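Asks: One predicted model, sequence on top.
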Amino acid sequence: MTLDAAATGRCLDAIRARRPLIHNITNLVVTNSTANALLALGASPAMVEGADEVEEFVAKSAALVVNLGTMSADRAAAMRLAVAAARRAGTPWVLDPVAVGVMRYRSQLARDLLPHAPAAIRGNASEIISLEGRADGMAHGVDSVAGSEAAIAAAQRLARASGAAVAVTGAIDYVTDGSRTVSIHNGDAMMARVTGLGCTATAIVGACVAVESDGFAATVHGLAIAAVAGEIAAARSRGPGSLQLEIYDALYRLDAATLMERVQLQTR
Amino acid sequence: MTLDAAATGRCLDAIRARRPLIHNITNLVVTNSTANALLALGASPAMVEGADEVEEFVAKSAALVVNLGTMSADRAAAMRLAVAAARRAGTPWVLDPVAVGVMRYRSQLARDLLPHAPAAIRGNASEIISLEGRADGMAHGVDSVAGSEAAIAAAQRLARASGAAVAVTGAIDYVTDGSRTVSIHNGDAMMARVTGLGCTATAIVGACVAVESDGFAATVHGLAIAAVAGEIAAARSRGPGSLQLEIYDALYRLDAATLMERVQLQTR
Amino acid sequence: MTLDAAATGRCLDAIRARRPLIHNITNLVVTNSTANALLALGASPAMVEGADEVEEFVAKSAALVVNLGTMSADRAAAMRLAVAAARRAGTPWVLDPVAVGVMRYRSQLARDLLPHAPAAIRGNASEIISLEGRADGMAHGVDSVAGSEAAIAAAQRLARASGAAVAVTGAIDYVTDGSRTVSIHNGDAMMARVTGLGCTATAIVGACVAVESDGFAATVHGLAIAAVAGEIAAARSRGPGSLQLEIYDALYRLDAATLMERVQLQTR
């Protein structure tokens, strides 16, 4: 498959045709916004995080999204069960290593989950550099101090070591499978003023891996969809409040033709 | 009391006059949206779910809403305490059996709560059929595969067995007490693209049972209010993001005259 | 420093220049809205509530916000650890005693946290009166039955006993350090119809104490910013749904000149 805006459009169409069930174990900040973004896009989200339920549910799902924000011991236990069950069931899963490198507990959790073969990993520069293991402490809370380009080499190493497609998002987004690397030049600076849009992008990647077996292509498609919806929404917004609302509307109205016009991919 | 749009208008006016305290134990996706919908409507919502607090609080509340989404062992324990305390205190309570039939843990929980005499139960077709006990597995995650009409007979049996008014929502909503059955022909298809609007409808039923002792009438009123607010909001929306916002505005501005114009009830 | 609208403008500018990391342990209703309000304002919010993580994180943060809504045993344990760690690290912290006086469990928790030297406390009249310890049971769920002026004397006593600046919010907001007392005459009645705007005001006070070492001044600045953003947003809104969105946009666009025009402070 050629990796271009047309392929992203086909991925979007496949999500709408198949309406994949996306199992999310995510943080308390974005539980509602993630569900709304996936519904607006055309997928079928479900938030299931009880240790008594995750194994049963992930086996019925088309993809699993694991997001490490607002971590708790209960949620960590559920994630360990869910990721192992996803691997057994062959359900592709996506990791969002929120604030890895900032707190030891979740850094360790992320390293424990990593051997369970995620299809994709999406983080900011600090998170990807920390997860890859060469350096910690480049973060400012949940935000990255470094630009996304600072993490390209770490992302490539992490992709080769883990087998996952790895995405570093920021003003420019980078996706790599360790050999191929592409950059995505879409989005808007105001997106950093809405909480959890990185988490939303990860969840959209989850919808893409549910319908596209090439994890690298699926990750590119997911980030392109999220960034294009964001830039369309930003053009209609007066601030972060209207931006968040407009993103759902933009995801709902997005079509392959708009992706063809707007997606800016570069192969590095 | 005649069950018509005028009665729904009187119920709305009673909510605004009495501002009933509605105790919600609900899921993580809709905690914020449920509180906002109840506040916009004119009720006084409170989200209290700690096992150390629910018994004390439910005795002070005018109604309790129990919603089984994003289930956890802690929240299940709190629900068991709260429902028993509601029964002791005579506080009417409403059950939303989210994804019952999809996961064994919460199916069992729902069956354990059911003998505690809920005033009303609201679910989609899959949930009502599963809760009634004749069949499982008709769900697609948290959404129903079947149309609401497929669950009318199950709803009638469940109403007779439980003593609750039972509502099945979908493109058309049905409410039954086991002998009477009405259908509500309001709402908009885009409402399925906003997460948790079924949960919102259940919470509004909670506000109605707080001011209307006939559970069947209260359930009809609650669903009619939710569906009319949704259709007014949809007419002002460009997608699910603007729809969610407009629903709060519509609930806030709704009045008896608008209900008289719009509510479409049919007795079956 | 003179306590006037110009000082509030300087505080706002300092938040945007320094982008302080604000550690929030807050309730499930407002997790998303608090993060969005702080981001829109220009601060860097992080929601960290796991008992395994809070001590490490609070030491890296510029301020801590502790909000007692949707209390659970796990979150209570994390708050006890976090508040003690904040004191050790010299991180200023702010207390929002949601529904204290309504339920014994959280009333006791609030009294246990109080000796750990909060920089500021913000509540409604019922909460402040109950926390000060002279009377309980004036609340209607999470809302106050009494107007804010009914709690001025209790707030002054609580400020002297605790060393914190104490704010009572309502139609008029009052802030006292036990000797000085000011009132803020901004905001809009519709703000009571959006869930958690009191919690948002507390979080904004958290951003202010991160950049302003005088807790009394910081509390005045925070409440003035929240109330002015609310009244600007209300003028653009048709109901509580649009109001919530417009508040984020207003916080994002707020500047010192607008504060100079609008802030209405009175010294009592």
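Replies: All right, it came through fine. Numbering: from 1, shown residues only, chains lettered A, B, ... in the order given.

Asks: Name the SS class of A:Asn24, please.
Replies: Put simply, A:Asn24 is strand when judged by DSSP: H, G, I helix; E, B strand; the rest coil.

Asks: Across the sheet, point out what pairs with it.
Replies: Applying DSSP bridges to A:Asn24 gives these bridge partners: A:Met47, A:Val65.

Asks: A:Val98 versus that one, what's the distance?
Replies: Relative to A:Val98, A:Asn24 is positioned 13 Å away (CB to CB, to the nearest Å). C-betas here are computed from N, CA, C, even on glycine.

Asks: Identify the contacts common to the two.
Replies: A:Asn67 (CB atoms under 8 Å, 6 or more residues apart in numbering or on different chains).

Asks: Quick check: which helices or strands does the longest helix along chain A pack against?
Replies: Of all segments of type helix in chain A, defined using DSSP state H, the longest is helix A:215-235. On a contact count with 3 or more CB pairs under 8 Å, 6 or more residues apart in numbering or on different chains; DSSP states H and E, helix A:215-235 meets helix A:5-18, strand A:120-123, strand A:165-168, strand A:173-176, strand A:181-184, helix A:197-211, helix A:240-253, helix A:256-262.

Asks: Show me which positions of it end up buried.
Replies: Buried residues in helix A:215-235, counted by 16 or more other CB atoms under 10 Å in any protein chain shown: A:215-234.

Asks: Tell me the residues of the stretch 151-268 of chain A that contact chain B?
Replies: Contact residues (CB under 8 Å from any CB of the partner chain) of the stretch 151-268 of chain A with chain B: A:244-253.

Asks: In JSON lines, list those residues along with distance to C:Thr181, pLDDT and neighbour count.
Replies: JSON lines is the format used below for those (distance: CB to CB, whole Å; pLDDT from 0 to 100; neighbours: other CB atoms under 10 Å in any protein chain shown):
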{"residue": "A:Gln244", "distance to C:Thr181": "38", "pLDDT": "98", "neighbour count": "27"}
{"residue": "A:Leu245", "distance to C:Thr181": "39", "pLDDT": "97", "neighbour count": "30"}
{"residue": "A:Glu246", "distance to C:Thr181": "43", "pLDDT": "98", "neighbour count": "24"}
{"residue": "A:Ile247", "distance to C:Thr181": "43", "pLDDT": "98", "neighbour count": "29"}
{"residue": "A:Tyr248", "distance to C:Thr181": "44", "pLDDT": "98", "neighbour count": "29"}
{"residue": "A:Asp249", "distance to C:Thr181": "46", "pLDDT": "98", "neighbour count": "21"}
{"residue": "A:Ala250", "distance to C:Thr181": "48", "pLDDT": "98", "neighbour count": "26"}
{"residue": "A:Leu251", "distance to C:Thr181": "49", "pLDDT": "98", "neighbour count": "30"}
{"residue": "A:Tyr252", "distance to C:Thr181": "50", "pLDDT": "98", "neighbour count": "23"}
{"residue": "A:Arg253", "distance to C:Thr181": "52", "pLDDT": "98", "neighbour count": "13"}
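
Asks: near chain C too, which of those residues?
Replies: Near chain C, by the rule CB under 8 Å from any CB, you find A:244-245 out of these.

Asks: for the residues of the stretch 151-268 of chain A next to chain B, which one is nearest B:Arg111?
Replies: Ranked by distance to B:Arg111 (CB to CB), those are led by A:Tyr248 at 35.7 Å.

Asks: Enumerate the residues of chain A near chain C.
Replies: So far as CB under 8 Å from any CB goes, chain A lies against chain C at A:27-33, A:69-74, A:99, A:102-106, A:140-143, A:192-196, A:237-242, A:244-245.

Asks: how many neighbours does A:His185 have?
Replies: By the measure other CB atoms under 10 Å in any protein chain shown, the count of residues near A:His185 is 13.

Asks: ok, it - contacts?
Replies: Shown in contact with A:His185 (CB under 8 Å, 6+ apart): A:172, A:264-266.

Asks: can you put the residues of the stretch 151-268 of chain A next to chain B in JSON lines and add distance to B:Arg88?
Replies: Output for these, formatted as JSON lines (distance: CB to CB, whole Å):
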{"residue": "A:Gln244", "distance to B:Arg88": "42"}
{"residue": "A:Leu245", "distance to B:Arg88": "43"}
{"residue": "A:Glu246", "distance to B:Arg88": "48"}
{"residue": "A:Ile247", "distance to B:Arg88": "46"}
{"residue": "A:Tyr248", "distance to B:Arg88": "42"}
{"residue": "A:Asp249", "distance to B:Arg88": "47"}
{"residue": "A:Ala250", "distance to B:Arg88": "50"}
{"residue": "A:Leu251", "distance to B:Arg88": "46"}
{"residue": "A:Tyr252", "distance to B:Arg88": "46"}
{"residue": "A:Arg253", "distance to B:Arg88": "51"}
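
Asks: Just give me the residue closest to the centre of chain A.
Replies: When CA atoms, centre = their mean is applied to chain A, the residue found nearest the centroid is A:Thr202 (1.4 Å).

Asks: Find me whatever residue is spatially closest to it, sequence neighbours aside.
Replies: A:Asp96 (4.0 Å; CB to CB, 6 or more residues apart in numbering or on different chains).

Asks: same check, this time on A:Asp4
Replies: In space, and not counting its chain neighbours, A:Asp4 is closest to A:Leu265: 6.6 Å by CB to CB, 6+ apart.

Asks: quick one: the residue nearest to A:Thr202 and A:Thr200 touch, right?
Replies: No: contact status for A:Asp96 versus A:Thr200: not in contact, 9.9 Å apart, counting by CB atoms under 8 Å.

Asks: what's the next secondary structure element after the lowest-mean-pLDDT helix or strand in chain A?
Replies: Ranking every helix and strand in chain A by mean pLDDT, DSSP states H and E puts strand A:139-140 at the bottom, with a mean of 66. In the C-terminal direction, the helix or strand that comes right after strand A:139-140 (DSSP states H and E) is strand A:143-144.

Asks: who does that following strand pair up with?
Replies: Partner strands and pairing direction for strand A:143-144 (DSSP bridges) are strand A:139-140 (antiparallel).

Asks: So which bits of the stretch 1-150 of chain A are right by chain B?
Replies: Contact residues (CB under 8 Å from any CB) of the stretch 1-150 of chain A with chain B: A:19, A:21, A:28, A:31-32, A:35-36, A:39-40, A:44-53, A:56-57, A:60-61, A:74.

Asks: give me that answer again for 7 Å
Replies: Contacts of the stretch 1-150 of chain A with chain B, taken as CB under 7 Å from any CB of the partner chain, map to A:21, A:28, A:31-32, A:35-36, A:39-40, A:44, A:46-47, A:49-50, A:52-53, A:56-57, A:74.

Asks: Tell me which of these fall in strands.
Replies: A:21, A:44, A:46-47 (DSSP state E).

Asks: give me every residue that touches the most far-flung residue of chain A relative to its centre.
Replies: The outermost residue of chain A, judged against the average C-alpha position, is A:Arg238 (26.0 Å), by CA atoms, centre = their mean. Going by CB atoms under 7 Å, 6 or more residues apart in numbering or on different chains, A:Arg238 touches C:Asp249.
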